[in-house]
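**Student:** quick one: sequence plus predicted model below, questions after.
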Amino acid sequence: MKRPESQTSPIDGHRRGVLLMVLSIFLFAASSLIFKAAGDMPGVTGWVISLARGAVGLGIVVVFFWPRGQFQPTHLFTNKLLVLRGILGGGNLTLLYMTMLELGAGRAIVLNCMYPIFGSILAAIFLKEKLRVVQFFWMGLAFFGLTLITGIWEQGLDINGYYALGVLGAFVAGCVIVVIRHLSRTEHTATIFSAQCFYAVLVAIGPVAAHPQIPPPAALAVLVLGGILVSGGQLSMTRAYLYLPVAQGSSMQLSLPVVTALGAVVFLGEQFSLIEAFGAALIIVGCLQMVRLKHRG
């Protein structure tokens, strides 16, 4: 995608990109906290949250991007990679929100932020991208942090299965990154984003219909608000990359687990032990160094 043609200086453009990226981080964090709070309301499950997020995001794309010709709905069925991106993205959303409702927003986002590691491994296998020795060190550090936050050292293999779902969600997100790298050469961002939304609805609508329970109006309002916030975060992040290098933008995004975890502690009363906090820090540092080394290479 070309950088926007404007009269702003490079310094002003960089400042705008940083502000947009910071805005996206807070919008993503706020949406996670709101969706976690919605999970305590009657009739709201991980499937319902995934359905609501997909429906609201798709509505935003249809209203704001379709009239401009930037959304190509037929491609959602004819482009095989776009279909794959949508199914994987929809599955990742469901895994994320199921994990979030059980483990809390902070832990779920920390687990999901491991996607750069899985994305790098998959890119090395399928895209023939090289991994340096130092990258394996940071991978190992992140996986060691994972053992701390899941409590493997204390409980052995007898741990909450939702931790495994969280890691699976991060792996699926890593797969999505590899697919998006191909799609970005031929498809508009709005169409790629809409694939996630559309197939998230298809993935979730069956389980929701199998156990029909209409959430109360207050819960529906909270779900719509969360969907608007997360869509705004996605669009702000996409816009920010017009002004920022990929390495800087990706590094900034890895502050999202920190912001989300702090918000969960302050607003939702979630608690982390010192060992869990240390493990989360190792995961974030390891993933951050992986992103920096990948783009520097």
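**Tutor:** Great, that's in hand.

**Student:** count of residues packed around Val18?
**Tutor:** Val18: 16 surrounding residues under other CB atoms under 10 Å. The C-beta positions use only the backbone N, C-alpha and C, and glycine is treated the same way.

**Student:** would you mind measuring from it to Gly232?
**Tutor:** Using CB to CB, to the nearest Å, we find Val18 at a distance of 17 Å from Gly232.

**Student:** so where's the stretch 101-250 of the chain uncertain?
**Tutor:** Along the stretch 101-250 of the chain, the model assigns pLDDT under 70 to residues 154-159, 246-247.

**Student:** quick one: mean pLDDT over the longest helix along the chain.
**Tutor:** With residue count as the measure and DSSP state H as the assignment, the chain has helix 10-38 as its longest helix. Per-residue pLDDT over helix 10-38 has a mean of 89.

**Student:** now do the buried residues in that helix.
**Tutor:** Neighbour-count burial for helix 10-38, counted by 16 or more other CB atoms under 10 Å, picks out 13, 16-18, 20-21, 23-38.

**Student:** quick one: mean pLDDT over stretch 82-91.
**Tutor:** Mean predicted confidence for stretch 82-91 is 90.

**Student:** who touches it?
**Tutor:** When contacts are defined by CB atoms under 8 Å, 6 or more residues apart in numbering, stretch 82-91 is touched by residues 50, 54, 75-77, 172, 175-176, 179-180, 183, 187, 191-192, 195-196, 198-204.

**Student:** just the buried ones out of the residues you listed, please.
**Tutor:** For those, burial is judged from neighbour counts taken by 16+ other CB under 10 Å, and it is met by 50, 54, 75-76, 172, 175-176, 179-180, 183, 187, 191-192, 195-196, 198-201, 203-204.

**Student:** next step: those restricted to helices.
**Tutor:** 50, 54, 75-76, 172, 175-176, 179-180, 183, 191-192, 195-196, 198-201, 203-204.

**Student:** which strands and helices sit next to whichever strand or helix holds Gly106?
**Tutor:** According to DSSP states H and E, Gly106 maps onto helix 105-112. Under the contact criterion of 3 or more CB pairs under 8 Å, 6 or more residues apart in numbering; DSSP states H and E, helix 105-112 touches helix 10-38, helix 80-103, helix 133-150, helix 161-183, helix 256-268, helix 274-296.
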